[in-house]
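>>> Sequence below, structure please.
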Amino acid sequence: MRPSSASSIPCTCERTRPDVQLAKVLGEVVATMKDAGLAGTTLLVLQPIAPDGTASGRTLVALDSVGAGVGEHVFFVRGREAAFPFYPVEPPTDATIVGIVDQAG
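Residues are numbered from 1 along each chain as shown. I've put the predicted structure just below:
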């Protein structure tokens with residue numbers, strides 16, 4: 001017979017570190033009307049890239065938490081973690097730039 005304690009139940013919700021992805025900033029999004037939770041934020045268009053710099057995947061729009069500019073290589077996170085840099089505010093985002101790449105390789 002299996003014990004009935006909660007500690008014997010396997011956890012299917014293991015915490016993992018968020019995936020950090022590389023991208024190149026292609027441009028800025030100008031939006032005269034946007035959700036109030038996005039007020040004061042910068043929206044940038046990203047092209048995800050592979051470590052060798054080649055395009056990898058579809059372009060996306062991400063919030064900028066570090067002051068990145070067009071043409072720069074950055075790293076970003078997706079999912080719930082994308083709101084963490086703005087804590088305690090939780091903007092409605094699923095992608096946020098969290099760093100600028102100075103050198104890779």
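>>> Point out where this structure drops to low pLDDT.
Within the chain, the stretches with pLDDT under 70 are 1-18.
>>> got the contact list for the residue most central in space within the chain?
Centrality entry for the chain: nearest residue to the mean C-alpha point is Val77, 2.4 Å, by CA atoms, centre = their mean. Contact partners of Val77, counting by CB atoms under 8 Å, 6 or more residues apart in numbering, are 18-21, 84, 95-96, 98. Bear in mind the C-beta positions are built from the backbone N, C-alpha and C, glycine included.
>>> can you map out the strands along this structure?
Using DSSP state E, the strands of the chain run over 20-29, 42-48, 60-64, 73-78, 95-100.
>>> related to what we said a few turns ago, any idea what the residue nearest to the centre of the chain is bridged to?
Judged by DSSP bridges, the bridge partners of Val77 are Val20, Thr96.
>>> wait, isn't Gln47 in contact with Leu26?
Yes: in terms of CB atoms under 8 Å, Gln47 counts as a neighbour of Leu26; the distance is 5.4 Å.
>>> which of these two has more neighbours?
Gln47 (17 against 12; other CB atoms under 10 Å).
>>> Report the beta-bridge partners for the more buried one.
Beta-bridge pairing for Gln47 (DSSP bridges): Lys24.
>>> Which residues are in contact with each of Gln47 and Leu26?
Joint contacts of Gln47 and Leu26 (CB under 8 Å, 6+ apart) are Thr59.
>>> Return the residues in contact with Asp35.
Residues near Asp35 by CB under 8 Å, 6+ apart: 91-92.
>>> typo on my end, it should be Leu46
Counted by CB under 8 Å, 6+ apart, Leu46 has contacts 23-26, 59-62, 74, 76, 95, 97.
>>> ok, it to Tyr87 distance?
As for Leu46, its distance to Tyr87 is 22 Å (criterion: CB to CB, to the nearest Å).
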